[in-house]
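In: Here you go, sequence then predicted model.
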Amino acid sequence: MNEAIGSALEAQADDRTARQLGKQIQCLRGIRGVAAGTVARVAAEAWRTHRPRLPDAAEALNATFGQAHEDGLVAVGLLAAAWPDDPDLALDLGLDWGDRLDDIMTADALGWLVLGPIGLQTGTWIEIRDELAGHRRPQGRRTVVAMGLAACPVPVEGPAAAPLREKVGTRKVQMVDAVQAGPVQAVLDRMIRDPHAMVQKALRRLVRAFGDHAPKAAVEWADGVKGGLPRLIGDEIRRARRHAARRAESENLHD
């Protein structure tokens, strides 16, 4: 399977895309130079063709993850679709990948599509958070923040989501129907002081999703943070506060 995926991606690679990606990310596994839309198509075809199941596919998925940046995204996407077969093994794979990854696209995909859903379904949310929250690289820590998006009712994004969309047969996939405030707050409480811009940008996105879908809970969380919030996060909470006020006013009008 990993050889077929590598060959399919390499056939679509070009130097111009490789240069463009190289300006955006740095990945020790290497960059083939495949556009995101093409990676998504390869990932969807890999699911249709191979339908990897755990534990049998674990070795092939791990090999695919290590081949190159684009291969890693495909591997994450396939694991996102296959993890219910063996959640414990999938978690071991996901944590190992989280320790090894070094680019933000893979970090976001791994947290949102794999580790977050596993944590929500198996009660291992805090364990996963604590495993990666102190990672030496900001990409590993960003994975923790991306987990929070799995606890918000926002449609998944990125080429790694293609196998999951293929599995469920719909273009719009989200991990939950309503904000899971406890898990989101657990991530924010642990990560809110992370100084790296890469992590702060992901935090801002998570706080915006939290505030859009559960503004009252977001404001209550923020009001309980000792020492105040980073400026960018504070901007999002002010937005959530306005949202909460409008929602409360609307509810009062309908009473």
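Out: Cool, the structure landed.

In: For the rest of this, base every contact and every neighbour count on C-alpha atoms.
Out: Will do.

In: measure the residue nearest the centre of the chain to L206 for me?
Out: For the chain, W112 is the residue whose C-alpha lies nearest the centre (C-alpha atoms, centre = their mean; 2.5 Å). Going from W112 to L206 by C-alpha to C-alpha, to the nearest Å gives 11 Å.

In: Give me the common contacts of the two.
Out: Listed as contacting both W112 and L206 by C-alpha atoms under 8 Å, 6 or more residues apart in numbering are 146, 148-149.

In: What's the local residue count around A214?
Out: Applying other C-alpha atoms under 10 Å, we find 19 residues neighbouring A214.

In: typo on my end, Q26
Out: Q26 is flanked by 14 other residues according to other C-alpha under 10 Å.

In: Ok, P195 next?
Out: A count of nearby residues for P195, using other C-alpha under 10 Å, gives 11.

In: Got the phi and psi for it?
Out: Per-residue torsions, P195: phi -80, psi -10 (degrees, to the nearest 10).

In: nearest to D212, of the shared contacts of W112 and L206?
Out: Nearest to D212 among the shared contacts of W112 and L206, counting by C-alpha to C-alpha, is L149 at 12.2 Å.

In: where does that closest one land in three-state SS?
Out: Following DSSP: H, G, I helix; E, B strand; the rest coil, we place L149 in the helix state.

In: who are the neighbours in contact with it?
Out: Residues in contact with L149 (C-alpha under 8 Å, 6+ apart) are 112, 116, 184, 206, 209.

In: Could you tell me how many residues sit around the last one?
Out: To tie it back to what came earlier, the one meant is A209. If you count neighbours by other C-alpha under 10 Å, A209 ends up with 22.

In: wait, isn't it in contact with V154?
Out: Yes - contact criterion C-alpha atoms under 8 Å: A209 and V154 qualify, at 7.4 Å.

In: And P230, its phi and psi?
Out: When quoted as degrees, to the nearest 10, the phi and psi of P230 stand at phi -60, psi 150.

In: before we move on, the earlier item: rebuild the contacts of L149 as JSON lines, extending it with pLDDT, distance to G30 and secondary structure.
Out: Formatted as JSON lines, the contacts of L149 follow (pLDDT from 0 to 100; distance: C-alpha to C-alpha, whole Å; DSSP: H, G, I helix; E, B strand; the rest coil):
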{"residue": "W112", "pLDDT": "98", "distance to G30": "23", "secondary structure": "helix"}
{"residue": "G116", "pLDDT": "98", "distance to G30": "26", "secondary structure": "helix"}
{"residue": "V184", "pLDDT": "98", "distance to G30": "33", "secondary structure": "helix"}
{"residue": "L206", "pLDDT": "98", "distance to G30": "29", "secondary structure": "helix"}
{"residue": "A209", "pLDDT": "97", "distance to G30": "32", "secondary structure": "helix"}
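
In: ok, of these, which one's closest to D15?
Out: For these, the nearest to D15 is W112 (29.4 Å; C-alpha to C-alpha).

In: In terms of helices and strands, where is A81?
Out: Assigned by DSSP states H and E, A81 belongs to helix 69-82.

In: Alpha carbons only: can I get that helix in PDB?
Out: Only the C-alpha atoms of helix 69-82 are listed here, as PDB (Å, rounded to 0.1, in the frame of the first residue of the first chain):
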ATOM      1  CA  HIS A  69       5.200  15.300   3.800                       C
ATOM      2  CA  GLU A  70       2.400  14.500   1.300                       C
ATOM      3  CA  ASP A  71       2.600  10.700   2.200                       C
ATOM      4  CA  GLY A  72       2.200  11.600   5.800                       C
ATOM      5  CA  LEU A  73      -1.000  13.500   5.200                       C
ATOM      6  CA  VAL A  74      -2.400  10.500   3.300                       C
ATOM      7  CA  ALA A  75      -1.400   8.200   6.200                       C
ATOM      8  CA  VAL A  76      -3.100  10.500   8.700                       C
ATOM      9  CA  GLY A  77      -6.200  10.600   6.600                       C
ATOM     10  CA  LEU A  78      -6.300   6.800   6.300                       C
ATOM     11  CA  LEU A  79      -5.800   6.400  10.100                       C
ATOM     12  CA  ALA A  80      -8.600   8.900  10.700                       C
ATOM     13  CA  ALA A  81     -10.900   6.600   8.800                       C
ATOM     14  CA  ALA A  82      -9.500   3.300  10.200                       C
END
